[in-house]
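Asker: Sharing a model that was predicted from the sequence below.
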Amino acid sequence: MVVSTEVIEHLYAPRRLAAFAHSVLRDGGHLLLTTPHHGYLKNLAIALVNGWDRHADPLWDGGHIKLFSHRTIKRLLEEAGFRVVHAGGVGRVPYLWKSMLVVARKQ
């Protein structure tokens, strides 16, 4: 198993993390990762309270470079040869989750 928690959103080339995880896992091995959740309702809520400057501050050195939704993280992992077996939210209330928890299996 490869575990990556709250890292992928800080990477300029997140496909490299997926490719590396795929290369070190045996067939059937699992990648478990978390990343901040960015779905439609959460993004809308951030916009409604005028919170984007605080949430994704471009002046924060070392901040988030990429923002993932369930659809985009699944696409990235499938491109790398994984099958997503679980994708859900954790923290806060449904659809306004703090993070996504994704489990993917190497094909």
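Answerer: It's in.
Asker: So what sits opposite residue 36 in the bridge?
Answerer: When assigned by DSSP bridges, residue 36 has beta-bridge partners residue 99.
Asker: What number of residues are in the vicinity of it?
Answerer: 19 (other CB atoms under 10 Å). Backbone N, C-alpha and C define where each C-beta goes, glycine included.
Asker: quick one: contacts for it?
Answerer: 6, 9, 64, 67-68, 98-100 (CB atoms under 8 Å, 6 or more residues apart in numbering).
Asker: how about a cut-off of 10 Å?
Answerer: Counting by CB atoms under 10 Å, 6 or more residues apart in numbering, residue 36 touches 6, 8-9, 42, 55-56, 64, 66-68, 91, 97-100.
Asker: Tell me the one of the residues you listed nearest residue 29?
Answerer: Of all the contacts of residue 36, residue 8 has the smallest distance to residue 29: 17.6 Å, by CB to CB.
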